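Undergrad: The sequence and its predicted three-dimensional model are supplied below.
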Amino acid sequence: MSRPVRNVAADVADTAVRRRRYMAGPAALLGGPANVVMQLSRAPVGRGVIESTVDSGRFDLRPRKRGKTTLTYLAVAMLGTDEDREAFRSAVDTSHRQVRSRPGSAVKYNAFDPNLQLWVAACLYKGTLDSLTFLRGGIDDEVADELYQESARFGTTLQMPPQMWPSDRAAFAQYWEAGLAEISIDDEVRRYLLEQVIDLGPYSRVERVLLRRINRFFTTGYLPQRFRDELGLRWSPRRQRIFEVTMRVIGAVCFVLPERFRLYPFETHLRDMRRRREQGKPLV
């Protein structure tokens with residue numbers, strides 16, 4: 001008896017549907033600043049951001065534009081087609097070509113370095129996994145394995161070759177532990193993370209007054225202890241319990257809402273990217 005012909009289009013569609021299960025809507029944004037902290041804790045990434053001459057992409061100068069670009073990248077990586085990813089990769093490459101260390105820089109870096117892109121992708125995967133764990137109280141092994149394999153797209157949407165992604169979750173755990181040993185935050189990067197990212201330096205005074213303490217609470221809650229220690233962020237078992245209960249309540253609400261809510265704002269940014277591409281406008 002002959003085997004049925006594999007329907008590639010159907011497989012692609014099924015995979016896209018599975019990825020939607022990982023989306024948690026606005027609740028997922030709560031861990032965004034913590035993820036920035038983790039990414040920039042690797043010295044070349046931190047110095048690349050601090051020394052960047054691409055003013056249009058700097059969070060401390062244009063926070064809303066930087067935020068939109070990041071959310072669009074995440075949307076393209078997790079929800080977009082291969083064609084979407086190729087178009088966005090090309091647009092990001094234009095900016096990344098300008099992000100490289102200058103002669104005499106104490107730390108050498110290049111935004112095209114696949115090892116640095118692997119670290120960024122690893123942080124995004126870790127943040128996504130932690131977010132789902134906090135919101136749902138845990139996920140089963142099958143979903144965790146699917147999420148892990150799909151998260152390679154965080155790197156391959158840039159220039160990371162797919163073979164660089166650790167083969168499975170056990171291999172990733174080894175990579176992550178080794179990566180923690182390479183964390184190095186200098187005083188300038190630490191000040192940037194505390195003042196700009198955690199305390200919302202680029203935003204208006206009113207926004208800082210209203211949101212700074214909330215942002216600091218969720219950012220510190222999301223961060224593994226190693227990163228809290230590097231930044232001198234205070235935490236306690238009591239705060240951890242409050243954080244976990246708060247996240248479970250948010251998750252209980254989030255995952256009973258319609259899918260369109262859980263896909264917001266990612267699907268909105270993906271549609272905007274596609275529209276801009278059709279109109280020949282810049283994507284980043």
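TA: All right, it came through fine. Numbers count the residues shown, from 1 in each chain.
Undergrad: Against Val120, how distant is Leu200?
TA: Note on Leu200: its distance to Val120, by CB to CB, to the nearest Å, is 22 Å. C-beta here means a position set from N, CA and C on the backbone, and glycine is covered the same way.
Undergrad: Name the single longest helix found in the protein.
TA: helix 114-136 (DSSP state H).
Undergrad: pLDDT score for Thr15?
TA: Each residue has a pLDDT score; the one for Thr15 is 57.
Undergrad: Skipping its backbone neighbours, what lies nearest Ala106 in space?
TA: Arg47 (7.7 Å; CB to CB, 6 or more residues apart in numbering).
Undergrad: Same check on Phe218?
TA: Leu30 (4.5 Å).
Undergrad: mind listing what that neighbour touches?
TA: 131, 218, 222, 247, 250 (CB atoms under 8 Å, 6 or more residues apart in numbering).
Undergrad: Quick check: the fourth one touching Phe134?
TA: Yes. Met247 is within contact range of Phe134, at 3.9 Å (criterion: CB atoms under 8 Å).
Undergrad: Spit out the residues that contact the two alike.
TA: Gly221.
Undergrad: Now do the helices in the stretch 151-284 of the chain.
TA: In the stretch 151-284 of the chain, the helices defined using DSSP state H, counting those that start in this stretch lie at 153-156, 169-180, 187-192, 205-222, 225-231, 237-254, 259-262, 266-278.
Undergrad: Who are the packing partners of the fifth one?
TA: Contact here means 3 or more CB pairs under 8 Å, 6 or more residues apart in numbering; DSSP states H and E; on that basis helix 225-231 packs against helix 32-40.
Undergrad: do the last one as well
TA: Here helix 266-278 is seen to pack against helix 63-79, helix 82-96 when contacts are counted using 3+ CB pairs under 8 Å, 6+ apart.
Undergrad: pLDDT on the shortest one, on average?
TA: In other words, helix 82-96. Averaged over helix 82-96, pLDDT sits at 92.
Undergrad: which of the helices and strands packed on helix 266-278 is buried the deepest?
TA: helix 63-79 (a mean of 20; mean count of other CB atoms under 10 Å).
Undergrad: what's near enough to touch the spatially most central residue of the chain?
TA: Nearest to the mean C-alpha position of the chain, counting by CA atoms, centre = their mean, stands Leu124 at 3.8 Å. Applying CB under 8 Å, 6+ apart to Leu124 gives the contacts 35, 74, 151, 154.
Undergrad: and the nearest residue to the last one once chain neighbours are set aside, how far is that from Gly280?
TA: For Phe154, the nearest residue in space outside its immediate sequence neighbours is Ala121; the separation is 3.8 Å by CB to CB, 6+ apart. Ala121 is 29 Å from Gly280, where distance means CB to CB.
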